[in-house]
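J.: Just need the structure, nothing else, for what follows:
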Amino acid sequence: MDEQHGSEDFRSQVQRLVAEGKLTPEEAAGLLEDHASTPPDLGKSAPTTPPGPTLPGHFGPSPGPDPARDLTLRVSGYSLTVLLDPALAAPTLSASEEGQLTLSHAPDGWHVTRRQSPEKNLNFGSLRAILTVPFTPNFVHASVEGGNLTLPDLSGDLSAEVSGGNLKLQDAHGLHATVNGGNLNGGNMSGPAYATVNGGNLTLAGSVALTAGVNGGNLRWAGVLGSGDHRVEVNAGNATLHLGAGSSVTLNAELTMGSFRADFPTQRSGSFLTTYHTGQIGGGDAHLHCRVTAGGLKVVTA
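T.: Modelled structure (predicted):
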């Protein structure tokens, strides 16, 4: 299934979506002018209570696969925005240039791909597209290579690889992400977040579980931890963890040639090269283990 339209049709559709309240003027400007997204402010967006009706640190299983609502999106050298319109009978795809993208349905869900590699397109980065769906997406598998992808709320998980480019996500159940140069900005996760940052930036406004590795990049995370084990490893990078109100955490951090900062009482031990830091918030039910080598770790509650 293909639905491509010329640049005038694309502009008209963006204007119509603004008039219908499905796009803000700022989002429309980003589509028409290809502006990059602004990372959320963790201090303002960190949840004061855990997402959803669950207790801190507890979350339900991910929804099962649903080919009618699962998406596979391959973004290479263009910008794609996914919007929700319940009035539609089926997903539709419109683009600022004809013949560049395809929308198809397969046994594992809906797919958006590019017909040709961006190297063969002289207008690299100028292609912009809107995928409008009549449902809340379930699972989304996304790869971004030198492009921009904006997603709405998801009922399932996002599995993403960003290799140069920008990915912006609203809320979802869970996140499995690898950032290899580029930016991923996410909202609140009602479930766990698993992230690897290799020379890029990942900002997550909220989750109730965290496992992350940072190798020459930056992680900014916020959430409420109340049970379970959580791990962050930093190698020549930086991690900022914002523990929201209601967190109950025991912190254990090991630093080798690294820097550590916390805004709650901690105890330090160890040698000049390797130091150990421990602290507790609330009852200390969740365990946060951090290891830093030649990097920085900041753990704050406000």
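J.: Grab the nearest non-local neighbour of Ala209.
T.: Distances taken as C-beta to C-beta, 6 or more residues apart in numbering put Pro192 closest to Ala209, at 3.6 Å, once the chain neighbours are dropped. Any C-beta I mention is one placed from the backbone N, CA and C, and that applies to glycine too.
J.: got the contact list for Leu165?
T.: Leu isn't right for residue 165; it's Gly. Counting by C-beta atoms under 8 Å, 6 or more residues apart in numbering, Gly165 makes contact with Val75, Val144, Glu145, Gly146, Gly147, Asn148, Leu149, Gly182, Asn183.
J.: State the pLDDT value of the spatially closest residue to the fifth one that is not a sequence neighbour.
T.: By that I understand Gly147. In this structure, Gly147 finds its nearest non-sequential neighbour in Val75, 4.1 Å apart by C-beta to C-beta, 6+ apart. The confidence metric pLDDT takes the value 97 at Val75.
J.: what element comes up after the helix or strand where Val75 lies heading to the C-terminus?
T.: For Val75, the element it lies in under DSSP states H and E is strand 71-76. With elements assigned by DSSP H and E, the helix or strand that comes after strand 71-76 is strand 79-84.
J.: Could you list the paired strands of whichever helix or strand comes after that following strand along with their orientation?
T.: Where DSSP H and E defines the elements, the next helix or strand beyond strand 79-84 is strand 92-95. In the sheet, strand 92-95 lines up against strand 128-133 (antiparallel) (DSSP bridges).
J.: Put the alpha carbons of the strand holding Val75 into PDB.
T.: The C-alpha trace of strand 71-76 is given here as PDB (Å, rounded to 0.1, in the frame of the first residue of the first chain):
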ATOM      1  CA  LEU A  71       4.800  -0.800  13.300                       C
ATOM      2  CA  THR A  72       8.300  -1.200  11.800                       C
ATOM      3  CA  LEU A  73       9.800   2.100  10.800                       C
ATOM      4  CA  ARG A  74      13.100   2.600   9.000                       C
ATOM      5  CA  VAL A  75      14.000   6.200   8.800                       C
ATOM      6  CA  SER A  76      17.100   7.000   6.800                       C
END
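J.: Can you list the strands that it pairs with?
T.: The sheet places strand 71-76 alongside strand 109-114 (parallel), strand 140-145 (parallel), with pairing taken from DSSP bridges.
J.: Setting the sequence-adjacent residues aside, check what's closest to Ala212.
T.: Excluding the flanking residues, the one nearest Ala212 by C-beta to C-beta, 6+ apart is Ala195, at 4.5 Å.
J.: Does the one you found lie in a helix or a strand, and which?
T.: When the helices and strands are read off by DSSP H and E, the one containing Ala195 is strand 192-198.
J.: circling back: of the contacts of Gly165, which count as buried by neighbour count?
T.: Restricting the contacts of Gly165 to buried positions leaves Val75, Val144, Glu145, Gly146, Gly147, Asn148, Leu149, Gly182, Asn183, with burial counted as 16 or more other C-beta atoms under 10 Å.
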